[in-house]
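Trainee: sequence first, predicted model second:
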There are 2 protein chains.
Amino acid sequence: MTPQVTLKTISKFTGFSVTQVSRALTGYSDVSEETREKILAAAKELGYYPNSTARQLQKQRTDTVGLILPTHGPRFSDPYFSELIAGIGDELTSYGIDLLISTQAPNPDEISAYRRMVEGKRVDGLIVVRTRNQDERIKYLLGTSLPFVAFGRSDLGVDFNYIDEDGEAGINQLTEYLINLGHRKIGFISAPLNLMFANYRLQGYRNALIKNNIPLKQEYIFEGDLTRKGGGKGAKWLLGLSERPTAIIASNDLMALSVISYAQEIGLSIGKDLSVAGFDDVPPSDIFSLTTLRQPIYNIGRLLCSMLFKLINKEDLDEPQILLKPDLIIRNSTGKPLTQ
Amino acid sequence: MTPQVTLKTISKFTGFSVTQVSRALTGYSDVSEETREKILAAAKELGYYPNSTARQLQKQRTDTVGLILPTHGPRFSDPYFSELIAGIGDELTSYGIDLLISTQAPNPDEISAYRRMVEGKRVDGLIVVRTRNQDERIKYLLGTSLPFVAFGRSDLGVDFNYIDEDGEAGINQLTEYLINLGHRKIGFISAPLNLMFANYRLQGYRNALIKNNIPLKQEYIFEGDLTRKGGGKGAKWLLGLSERPTAIIASNDLMALSVISYAQEIGLSIGKDLSVAGFDDVPPSDIFSLTTLRQPIYNIGRLLCSMLFKLINKEDLDEPQILLKPDLIIRNSTGKPLTQ
DNA sequence: AATTATATCCGAAACGTTTCGGATACCCTT
DNA sequence: AAGGGTATCCGAAACGTTTCGGATATAATT
């Protein structure tokens, strides 16, 4: 390690006190133009860089925001997170704030990962993603005074700051669209129901059926796991029923793509024999011509950060809770059912 | 903010000195069983959590590793990075180390993002991804004493620690496979040639052709940008040539998928009229039955961290440079060319 | 009984920064 | 010439932790 150049180094070099050096470098008032220049020159010559740890300790502020990614083993390749991180990162960069990421499976240890960040004072704020029913993380954070924002709502009966997409309205619209095409037998592959968004989406499906007087069939609802494999299982189940659905809605694109894959395997023509729709509009979905609901994940990332930044600076939010309506993108994977 | 519980708080509470409290909590020898228990109990009761900033300052170690993602605006949804981050995160978590992420477009400001992390002493080590020709970041890091590992080689004529996939061997094998199927007119959609891996992959393509006495045609090589759009442009170019290729290799799956999409649009049957292959084997590629080269990105992430962790602890690496051979996954997007 | 070893403790300095509360010197009033 | 204002500076404390070098008391040794 090259010995670190500190304020003291510059102080000795220029003859001014550490105080004066600090002030000159941070642009404080109490320093004459002449000495400021001398000090700036010395700093440049010596290659001074402020030690951020020391600064953090003194200012009691880390200029860092935390994000704990809920991963489940090796396969966590939801393109979703790439885009979210890009959005978050870009926005934070514009504020000069860094992002501290930790991965953690949603198990009993999870909260201690949060505690480490929060109570160890590693971050000024936190972003919570993929909210769950009775979300422990949010309960915990509400008990601390650390600013946080969530991507997703929860059912705690307490107010907190979040952004969410209106999955219920989205799926509702999608389901109605399918019904209007003439579908009556519509299967639904859900996300794990402990995730909040899974419930909203399922609710949107239910409401649309009820409103159109189509009886709900429990066997038409399959709880998947958002992965490719889960989608495959759901497809197998639904397409193996004696009263096979003419349309399948999946809670995310990844699963929808699996449905397409499996359906093709067993010789069904997509958009004719079977309509398939998803949720997310991840990059490859357009190639499949998948009908889906688009949510602007990159922008949600940015928005989350701008909210959090305000909270950290104790500013008021004009919109403490934001609900975004996803866009229905109609492509060729859905069509009228064959007359039977 | 609830007032922070510090060592001093516990010190006052128990009557022992701050020194003793610190030692008791970090499991030092110089403290009797009795007082250790008292102190531990007090710490628990008061809800003590060590302030990591203060600890970092004292220990001159941050237990943090940095990663600067080269993003280019909103569309950066390479699933590639999700998986890499998951691998990195999971491995680091097992060491109790955090990941500090910053996004930064590859522009002249890029180096200052690195300087901030390095010279501000924010991290103990750094991971460099997507290495480039004459990579400025690596040049810079070599001049500092900070441990780092790279995902990818560079052409600096200097040794540094990296992991890379052997793109040359991979593409070589793929090209030979196409040649053996009978293809003679093979187009290549490259990645931007300032990226190191783009050159290796291109070289693999060239070598295979030369070895098999197939003349290189400059017009068969198109420099894409790894995005969906770039792939589409490449497809348009190659399939618009008077001597249209019978096979197209793309430098990544995203572009390959675009080729498939465009080819289908103009009525070509994939795997028959046109063979298409990619690189990466990202999640949706199997659905397209895309022939591709698979690299274990998640594991590369883990491996990078285990190397870096050793470097940080000043251990020797048994393998300072690792070259992984990608697996050729043959699917239905490639086949014999039609007899002409 | 004097000496040495051991166990347990603590004060103070250090990490590098910011900032509060003065101090000094100078100039301008009156 | 005495007073007050202003510009410029600095010492010292603080942020919360770790750790070096001793201090004290007790036990073991001769």
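Mentor: It's in.
Trainee: got a pLDDT number for A:A198?
Mentor: You'll see A:A198 listed with a pLDDT of 97.
Trainee: skipping its backbone neighbours, what lies nearest it in space?
Mentor: Take A:A198 and drop its neighbours on the chain: the residue closest to it by C-beta to C-beta, 6 or more residues apart in numbering or on different chains is A:A191, 3.7 Å away. Quick note: C-beta positions are derived from backbone N, CA and C, even for glycine.
Trainee: quick check, that neighbour in contact with A:N252.
Mentor: Yes. Contact between A:A191 and A:N252 holds when scored by C-beta atoms under 8 Å: they sit 6.7 Å apart.
Trainee: between the two, which contacts overlap?
Mentor: Counting by C-beta atoms under 8 Å, 6 or more residues apart in numbering or on different chains, the residues touching both A:A191 and A:N252 are A:L226.
Trainee: got the contact list for the residue nearest to A:A198?
Mentor: A:197-198, A:201, A:223-226, A:251-252.
Trainee: let's see 7 Å
Mentor: A:A191 is in contact with A:197-198, A:224, A:226, A:251-252, counting by C-beta atoms under 7 Å, 6 or more residues apart in numbering or on different chains.
Trainee: what do you get for A:V18?
Mentor: A:V18 neighbours (C-beta under 7 Å, 6+ apart): A:7-8, A:11.
Trainee: can you give me the buried ones in the lowest-mean-pLDDT helix or strand in chain A?
Mentor: Confidence across the helices and strands of chain A bottoms out at helix A:79-95, with a mean of 91, counting by mean pLDDT, DSSP states H and E. For helix A:79-95, the neighbour count (16 or more other C-beta atoms under 10 Å in any protein chain shown) marks A:79-93 as buried.
Trainee: between the helix or strand that that helix is followed by and helix A:79-95, how big is the angle?
Mentor: Heading C-terminal from helix A:79-95, the first helix or strand you meet, by DSSP states H and E, is strand A:98-104. In terms of direction (axes from the mean of the first three to the mean of the last three C-alpha atoms, to 10 degrees), strand A:98-104 departs from helix A:79-95 by 150 degrees.
Trainee: pull up the pairing partners for strand A:98-104, direction included.
Mentor: Strand pairing for strand A:98-104, using DSSP bridges, gives strand A:64-70 (parallel), strand B:98-103 (antiparallel).
Trainee: got the end-to-end distance for stretch A:219-237?
Mentor: Across stretch A:219-237, the terminal residues are separated by 9 Å (C-alpha to C-alpha, to the nearest Å).
Trainee: same check on stretch A:246-259?
Mentor: OK, stretch A:246-259 end separation, C-alpha to C-alpha: 12 Å.
Trainee: hmm, it in reach of chain B?
Mentor: Yes. Applying C-beta under 7 Å from any C-beta of the partner chain, one finds stretch A:246-259 in contact with chain B at A:254, A:257.
Trainee: pLDDT on that stretch, on average?
Mentor: Stretch A:246-259 shows a mean pLDDT of 95.
Trainee: check stretch A:131-150 too.
Mentor: 97.
Trainee: is any part of it close to DNA strand D?
Mentor: No. Taking C-beta under 7 Å from any atom of the strand as the criterion, stretch A:131-150 and DNA strand D are apart, separated by no less than 14.1 Å.
Trainee: what about A:R23, how many neighbours?
Mentor: 18 (other C-beta atoms under 10 Å in any protein chain shown).
Trainee: OK, contacts around it?
Mentor: A:30-31.
Trainee: let's verify it: helix, strand, or coil?
Mentor: Following DSSP: H, G, I helix; E, B strand; the rest coil, A:R23 is assigned to helix.
Trainee: that older thread, can I get the contacts of A:V18 in JSON lines including distance to chain B, secondary structure and pLDDT?
Mentor: Formatted as JSON lines, the contacts of A:V18 follow (distance: C-beta to the nearest C-beta, whole Å; DSSP: H, G, I helix; E, B strand; the rest coil; pLDDT from 0 to 100):
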{"residue": "A:L7", "distance to chain B": "14", "secondary structure": "helix", "pLDDT": "96"}
{"residue": "A:K8", "distance to chain B": "15", "secondary structure": "helix", "pLDDT": "96"}
{"residue": "A:S11", "distance to chain B": "19", "secondary structure": "helix", "pLDDT": "95"}
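Trainee: of these, closest to DNA strand D?
Mentor: A:S11 (8.0 Å; C-beta to the nearest atom of the strand).
Trainee: isn't the closest one right up against A:A24?
Mentor: No. Here A:S11 lies out of contact with A:A24, judged by C-beta atoms under 7 Å, at a distance of 10.6 Å.
Trainee: can you give me the strands in the stretch 1-150 of chain A?
Mentor: Assigned by DSSP state E, counting those that start in this stretch, the strands in the stretch 1-150 of chain A fall at A:64-70, A:98-104, A:125-129, A:148-151.
Trainee: residue contacts, A:Q58?
Mentor: Shown in contact with A:Q58 (C-beta under 7 Å, 6+ apart): no residues.
Trainee: relative to B:Q104, how far out is it?
Mentor: 27 Å (C-beta to C-beta, to the nearest Å).
Trainee: just A:L57 next, same as before
Mentor: With distances taken as C-beta to C-beta, A:L57 is found 26 Å from B:Q104.
Trainee: now A:E223
Mentor: In this view, A:E223 and B:Q104 are 40 Å apart by C-beta to C-beta.
Trainee: pLDDT wise, what is A:L40 at?
Mentor: At A:L40, pLDDT is 95.
Trainee: highest neighbour count among the contacts of A:V18?
Mentor: Among the contacts of A:V18, A:L7 has the most neighbours (other C-beta under 10 Å), with 22 neighbours.
Trainee: might you report the residue contacts of that one?
Mentor: A:18, A:21-22.
Trainee: could you pull out the strands in the stretch 151-300 of chain A for me?
Mentor: A:162-165, A:186-190, A:221-223, A:247-250, A:275-277, A:292-294.
Trainee: including mean neighbour count and distance to DNA strand D, could these go into a markdown table?
Mentor: Below are these laid out as a markdown table (neighbours: other C-beta atoms under 10 Å in any protein chain shown; distance: least, C-beta to the nearest atom of the strand, whole Å):
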| stretch | mean neighbour count | distance to DNA strand D |
| --- | --- | --- |
| strand A:162-165 | 22 | 30 |
| strand A:186-190 | 26 | 45 |
| strand A:221-223 | 18 | 45 |
| strand A:247-250 | 31 | 48 |
| strand A:275-277 | 27 | 53 |
| strand A:292-294 | 25 | 46 |
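Trainee: which one of the ones you listed lies closest to B:S269?
Mentor: Between B:S269 and the strands of the stretch 151-300 of chain A, the tightest spacing by C-beta to C-beta is seen for strand A:275-277, at 22.4 Å.
Trainee: from A:F288, how far out is A:L181?
Mentor: Look at A:L181 and A:F288: by C-beta to C-beta, they are 19 Å apart.
Trainee: which one's more surrounded, the two?
Mentor: Using other C-beta under 10 Å, the more surrounded residue of A:L181 and A:F288 is A:F288, with 24 against 14.
Trainee: these two touch, right, that one and A:V259?
Mentor: No. In this structure, A:F288 is not within contact of A:V259 by C-beta under 7 Å, at 10.5 Å.
Trainee: hey, what's in contact with both of the two?
Mentor: Here A:F288 and A:V259 share no contacting residue, scored by C-beta under 7 Å, 6+ apart.
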